[in-house]
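Participant: What would the 3D arrangement of this be:
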Amino acid sequence: MTFIPEKKDELEAPRENKKDLSHLFLMRSRLVIAFTFLFAAAFTVVSIVSYNVSKSFILKDIEVEVQEVLNAHASEVDQWLKNMISVVSSSARIIETGIPHNRMITPELLSNFGSNVFFSDMYFSGANGEFTSGREWKSPADYDPGKRPWYIAAVDKKRTVVTKPYIGVESGSPEVSVAAPVYRKNGSLRGVLSADLLLSTLADKLDVVRVRGKGFAAMIDGSGRVLVHQNKSLLGKDITEDSEIGDAVKQILLLKRGRIDYGIKEKKYVIFTIIPSTGWYMGIVFRKEEINSNLRYLAYRFNQIFAVSIVVVLAVSIYFAKRLTLFTELLENEIEVRTSELRDKVAEVEYLSLTDPLTGIANRRKIQSILEDEVARSERNSTPLSVISIDLDHFKRINDTYGHEAGDNVLVAATTSINGVIRSVDHAGRMGGEEFIVVCPDTPEPGAYFLAEKLRTVIESLSIPGAGSITASFGYATRVPDESIDRFLSRADSALYRAKERGRNRVEPG
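Facilitator: This next block holds a predicted model:
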């Protein structure tokens, strides 16, 4: 309401109003200053945190993308090399069973054998020194096939092998050979069939490997010799003792897959994986300066945003300082806290409903949902999908003998081993008790068998305190078109039961 002073106070009223306005102005000025300072400080902290979070996401996103690109190209190279090995092996068997005399092995025949792969030449050397080239290459007078790396490797290993890199006499360039021994019916050596793969062919195949236009692909064999590298002078060389990258190469040979930071003159890192068919290693190498260029641009943009925001904050703080109340601020803070707590509780309940509490992997409900999604994706994209059923052998005996705590330790150790072997795109889940399942997208039957056998070997090698060694039985199945999920899983389970019936600690197909 409006206050009307008494007549006697009329002369003093203006002086009192002026004092009140001055006091209000002072209070508001202090509030504006405090609010502006607090807002600026909070914005600074948020900007710094946001930059670090964005930086972390950028680096993580790049690493995930690199791993996906690497896995795709490594799988492609692996299939490519498997095809080459298969061609040489099958051609050697054809010679053994269908071509009775070495003189019948002609350049045309050898050329036809290797026509569908990237060999630079395919050739045969008899045990008596006769030599035939698919490209009709004439060897020098002093050329002794029996002393060449491909001949020695095939004879020593008595199977199809991929040699270490060497300088080819025919090409004059670094190359590797895929060589297979050929035997007579009485078991004596008849000769060696071999095919050359130029390292330049591998380099051309991997030259397009980039991630966001950065990095380059490199490849070494199982002893640390360079097969593909941006630095051509390293091709064919053993770099395990190189002062710049030798230690990194030794770690690669030890770890098989992962990420390693290295470099003295220039900081680099490599994300790498093994190529199973040959034991070679493929990696994508980055200069850290390449990645940091993205972060510098991010920092520049944050600084721009910060400068503009400070100006806006000053104006906004003056406007809203007159309208904010302590009660409103406290109420909003309380609502935010309660909402955050509720969100955390909802997330916790959802996590617990989909996760096995002992092992931390997906429970039956979650893995069934994942399988439904992967079946839909497999049908949509016409890609292979496999599942592996796993059952720990004699688990009840472990519980009865060592107690349930030891049984829990066994389940956790088995889960850790499974997670350590499967790919990032695979999904592991616990179906209940000692039963597990692995869903393997984009995995044909041979890949499922390979993974199951690898899991079997890893679990067999475990030694668990308080429980000793354990084994597991495996059944796997690759989905056929239009097959129901129940039928799909039933085939894998049936294969698992066969593995149990046939002695356990084995892998059976479904």
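
Participant: switch to C-alpha atoms for all contacts and neighbour counts from now on
Facilitator: OK.

Participant: The protein - how does it break down into domains?
Facilitator: Listed by automatic domain parsing, the domain ranges of the chain are 19-308, 364-509.

Participant: Worst mean pLDDT among the ones you listed?
Facilitator: Comparing mean pLDDT across those, the weakest is domain 19-308, with a mean of 87.

Participant: May I see the buried residues of stretch 501-510?
Facilitator: 504-510 (16 or more other CA atoms under 10 Å).

Participant: Give me the distance between the two termini of that stretch.
Facilitator: This stretch, stretch 501-510, spans 14 Å end to end (CA to CA, to the nearest Å).

Participant: and that stretch, how far from the chain's centre?
Facilitator: 29 Å (CA atoms, centre = their mean, to the nearest Å).

Participant: circling back: could you export the domains of the chain as TSV, including distance to residue 338?
Facilitator: Compiled in TSV, the domains of the chain are given as follows (distance: least, CA to CA, whole Å):
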stretch	distance to residue 338
domain 19-308	21
domain 364-509	29
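
Participant: Please point out which parts of stretch 221-235 sit buried.
Facilitator: Buried, per 16+ other CA under 10 Å, within stretch 221-235: 221-229, 235.

Participant: Go through those residues and name the one nearest residue 432.
Facilitator: Proximity of the buried residues of stretch 221-235 to residue 432 was ranked by CA to CA; the top entry is residue 222 with 40.1 Å.

Participant: So that closest one: helix, strand or coil?
Facilitator: coil (DSSP: H, G, I helix; E, B strand; the rest coil).

Participant: top helix in the chain by residue count?
Facilitator: helix 13-98 (DSSP state H).

Participant: immediately after it, which helix or strand?
Facilitator: helix 107-113 (DSSP states H and E).

Participant: Run through the helices of this structure in chain order.
Facilitator: Going by DSSP H, the chain shows helices at 13-98, 107-113, 149-157, 199-206, 246-255, 288-321, 326-354, 364-381, 395-402, 404-421, 445-460, 485-501.

Participant: For residue 138, find the nearest of these.
Facilitator: With respect to residue 138, and counting by CA to CA, the nearest of those is helix 107-113 at 11.3 Å.

Participant: Show me what that closest one is in contact with.
Facilitator: 87-88, 91, 121-123, 132-136 (CA atoms under 8 Å, 6 or more residues apart in numbering).

Participant: one more time with 10 Å, if that's ok
Facilitator: Identification of contacts with helix 107-113 by CA atoms under 10 Å, 6 or more residues apart in numbering yields 87-88, 90-92, 94, 106, 115, 119, 121-124, 132-137, 193-195.

Participant: Equivalent analysis for stretch 138-146, please.
Facilitator: The contact list for stretch 138-146 (CA under 10 Å, 6+ apart) reads 124-133, 151-152, 155, 169-170, 191-192.

Participant: measure that stretch end to end?
Facilitator: Stretch 138-146 has an end-to-end distance of 16 Å (criterion: CA to CA).

Participant: Mind listing what's buried along it?
Facilitator: For stretch 138-146, by 16+ other CA under 10 Å, it's 145-146.

Participant: Next: stretch 174-190.
Facilitator: Those would be 174-183, 189-190, for stretch 174-190 by 16+ other CA under 10 Å.

Participant: Residue 160 contacts residue 195, doesn't it?
Facilitator: No. With contact defined as CA atoms under 10 Å, residue 160 does not reach residue 195; the gap is 11.0 Å.

Participant: Common neighbours of the two, please.
Facilitator: 85, 88, 178-180.

Participant: export those residues to a markdown table and tack on distance to residue 319?
Facilitator: Converted to a markdown table, the shared contacts of residue 160 and residue 195 look like this (distance: CA to CA, whole Å):
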| residue | distance to residue 319 |
| --- | --- |
| 85 | 76 |
| 88 | 81 |
| 178 | 78 |
| 179 | 82 |
| 180 | 84 |
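
Participant: Considering those residues, which is situated nearest to residue 360?
Facilitator: Using CA to CA, the shared contacts of residue 160 and residue 195 come closest to residue 360 at residue 85, 40.9 Å.

Participant: and the gap between the closest residue to the closest one other than its chain neighbours and residue 161?
Facilitator: Nearest residue to residue 85 in three dimensions, chain neighbours excluded: residue 178, at 6.4 Å (CA to CA, 6 or more residues apart in numbering). From residue 178 across to residue 161, the span is 6 Å (CA to CA).

Participant: same deal with residue 421?
Facilitator: Distance from residue 421 to residue 161, by CA to CA: 26 Å.

Participant: Residue 116 too?
Facilitator: 19 Å.

Participant: okay, these two: which has more neighbours?
Facilitator: More neighbours surround residue 161 than the other of residue 116 and residue 161, with 22 against 11 (other CA atoms under 10 Å).

Participant: quick one: which of residue 160 and residue 195 has more around it?
Facilitator: residue 195 (28 against 23).

Participant: That one contacts residue 176, correct?
Facilitator: Yes. Between residue 195 and residue 176 there is a contact at 8.5 Å, judged by CA under 10 Å.

Participant: Overlap in contacts, the two.
Facilitator: 119, 150, 162.

Participant: and which of the residues you listed is nearest to residue 42?
Facilitator: Nearest to residue 42 among the shared contacts of residue 195 and residue 176: residue 162, at 61.9 Å, using CA to CA.
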